[in-house]
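Asker: From the sequence below, what's the structure:
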Amino acid sequence: MAYRTVLIEDNQIMLERLSSVIKNAPGFELSARYKNAGDALGQMQAFKPELILLDMENERNHILLSDLKKYYPHAVLIGMSRRWDSEAQASILHAGGGGFMIKPFTAEELQETINNLSNFSQVSKSEVITFFSPKGKSGKTTLISNLGAALARRTGEQVAIIDGDLQFGDMAVFFNLTPQSTIVEASRDISFLSPVTLKTYFTPVGDNLSILCGASKPDLAEAVTMDSLAAIIHMAKNLFRYILVDLSSGFTDITATACEESNKTILMTMVNGGYEIQHMKRAFEIFQCWEDYKERILPVFTRVSPCTEEARQQYSDALGVPVYHVLPNEYLAVSSAADNGRLLINQDKNNSFSKAIDEMADEFARKVI
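Answerer: Numbers count the residues shown, from 1 in each chain. This is a model prediction of the structure:
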């Protein structure tokens with residue numbers, strides 16, 4: 001059965017071009033087309049539209065968004081623009097719409113957009129989790145990669161990892177990937193992308209897990225700006241249920257932006273007999289500028305031995321706030337799995353580290369955002 005589609009486009013040339021695409025797209029039927037939403041509201045009821053494609057470059061159409069959803073509540077509403085517009089996308093979503101597309105689009109992109117909406121229809125919104133460490137060598141990459149795989153397996157939802165450790169991110173190395181596109185190319189092109197086309201910049205590593213790899217060379221990291229990273233995260237929310245963002249150590253404009261965009265931030269450090277508590281306290285103090293920092297910041301200590309509830313409580317007492325998780329010291333097992341191009345969570349499910357990761361994944365899966 002074909003989608004009964006109504007096209008609302010102000011530009012006559014674009015109207016003709018998109019009309020042709022829809023007519024030739026398998027599974028779609030162009031029921032009617034209009035120059036503006038005002039005309040469409042009064043005339044398209046007879047067509048019982050199932051899909052409304054709305055020109056968001058026409059300011060008058062913004063005003064009628066709520067009316068479109070009110071009178072056609074069962075129709076999927078998708079906004080269109082020649083460039084990515086986060087404010088327009090937010091307006092569409094706030095009105096109850098399904099998403100945003102860059103025009104002109106192809107029949108394949110239209111179909112993929114509808115498929116993404118169907119795949120994402122069971123969740124209210126995406127959860128973004130950033131991973132930040134005051135200093136290096138915290139075990140972030142190990143945690144993120146294994147947690148991503150655990151979330152994908154245990155929830156069956158789409159999970160993404162964004163390697164935002166821009167200069168020395170090694171997610172590609174960890175997964176033994178040679179990506180055709182990285183966060184650098186995605187940042188460069190973001191204004192001209194839609195969720196469907198952004199997805200092609202991610203490298204799939206499983207049925208439900210995809211990676212947006214970091215810069216291939218440290219000097220390319222400058223191409224990623226605060227605005228482009230924020231836009232990538234916003235757009236990725238249309239594609240993935242969980243988005244895990246690896247960040248470089250230390251506070252920068254980039255790390256601050258990513259943390260601001262997140263629902264939760266894992267603040268983590270590795271236990272090595274040094275100044276972990278002091279580093280965590282100083283980092284925690286900076287995040288206290290958030291009114292809800294106690295709910296959003298989740299402290300994690302890695303390579304804890306013995307890894308017990310008593311140890312977690314000791315770190316909580318020393319830090320002055322509850323520690324979210326302590327992870328056991330399984331360096332040899334983790335390294336051995338990585339050397340074989342595998343994740344420990346997949347290789348040895350009974351390992352204490354794997355069990356701790358599964359527990360963390362279950363906790364995130366149970367949360368209602």
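
Asker: and the nearest residue in space to residue 200 that is not next to it in sequence, which of the three is it?
Answerer: Once flanking residues are discounted, residue 200 sits nearest to residue 181: 7.2 Å by C-beta to C-beta, 6 or more residues apart in numbering. The way it works is simple: take the backbone N, C-alpha and C, and place the C-beta from them, glycine included. At residue 181 the chain is in coil, as set by DSSP: H, G, I helix; E, B strand; the rest coil.

Asker: what do you get for the one 5 residues further on?
Answerer: The local conformation at residue 186, judged by three-state DSSP, is helix.

Asker: what sits against it?
Answerer: 193, 198, 201, 212, 228, 232 (C-beta atoms under 8 Å, 6 or more residues apart in numbering).

Asker: And for residue 100?
Answerer: 56, 78-81, 84-85, 88-89, 92, 194-195, 238.

Asker: so residue 338 makes contact with residue 176?
Answerer: No - under the criterion of C-beta atoms under 8 Å, residue 338 makes no contact with residue 176, lying 9.2 Å away.

Asker: Those two: which has the busier surroundings?
Answerer: residue 338 (19 against 11; other C-beta atoms under 10 Å).

Asker: Relative to residue 353, how far out is that one?
Answerer: When distance is defined by C-beta to C-beta, to the nearest Å, residue 338 is 12 Å away from residue 353.

Asker: what does residue 215 give?
Answerer: From residue 215 to residue 353 the distance is 29 Å (C-beta to C-beta).

Asker: Residue 172 now?
Answerer: 22 Å.

Asker: Same question for residue 217.
Answerer: 32 Å.

Asker: Between these two, tell me which one has more neighbours.
Answerer: A count of neighbours by other C-beta under 10 Å puts residue 353 above the other of residue 217 and residue 353, at 25 against 9.

Asker: what helix or strand does that one sit in?
Answerer: helix 352-366 (DSSP states H and E).

Asker: for that helix, which positions count as buried?
Answerer: The neighbour-count check on helix 352-366 (16 or more other C-beta atoms under 10 Å) flags 353-354, 356-358, 360-361, 364-365 as buried.

Asker: What lies in contact with the lowest-mean-pLDDT helix or strand in the chain?
Answerer: Least confident element among the helices and strands of the chain, by mean pLDDT, DSSP states H and E: helix 86-94 (a mean of 74). Here helix 86-94 makes contact (C-beta under 8 Å, 6+ apart) with 54, 56, 62, 65, 77-79, 81, 98-100, 230-231, 234.

Asker: give me that answer again for 10 Å
Answerer: 54, 56-57, 61-62, 65-66, 69, 77-81, 85, 97-101, 125, 194-195, 227, 230-231, 234-235, 237-238 (C-beta atoms under 10 Å, 6 or more residues apart in numbering).

Asker: could you give me the average pLDDT of stretch 218-227?
Answerer: For stretch 218-227, mean pLDDT rounds to 87.

Asker: Any idea how far apart the tips of that stretch sit?
Answerer: Stretch 218-227 has an end-to-end distance of 19 Å (C-alpha to C-alpha, to the nearest Å).

Asker: Would you mind extracting the C-alpha trace of stretch 167-178 into PDB?
Answerer: In PDB, the C-alpha atoms belonging to stretch 167-178 read as follows (Å, rounded to 0.1, in the frame of the first residue of the first chain):
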ATOM      1  CA  GLN A 167      43.100  14.500  18.200                       C
ATOM      2  CA  PHE A 168      43.800  11.100  19.600                       C
ATOM      3  CA  GLY A 169      40.600   9.100  19.500                       C
ATOM      4  CA  ASP A 170      41.200   5.400  18.900                       C
ATOM      5  CA  MET A 171      37.700   4.000  18.600                       C
ATOM      6  CA  ALA A 172      38.600   3.000  15.000                       C
ATOM      7  CA  VAL A 173      41.700   1.200  16.200                       C
ATOM      8  CA  PHE A 174      39.700  -0.500  19.000                       C
ATOM      9  CA  PHE A 175      37.200  -1.900  16.500                       C
ATOM     10  CA  ASN A 176      39.800  -2.500  13.800                       C
ATOM     11  CA  LEU A 177      38.000  -0.100  11.400                       C
ATOM     12  CA  THR A 178      39.100   1.800   8.300                       C
END
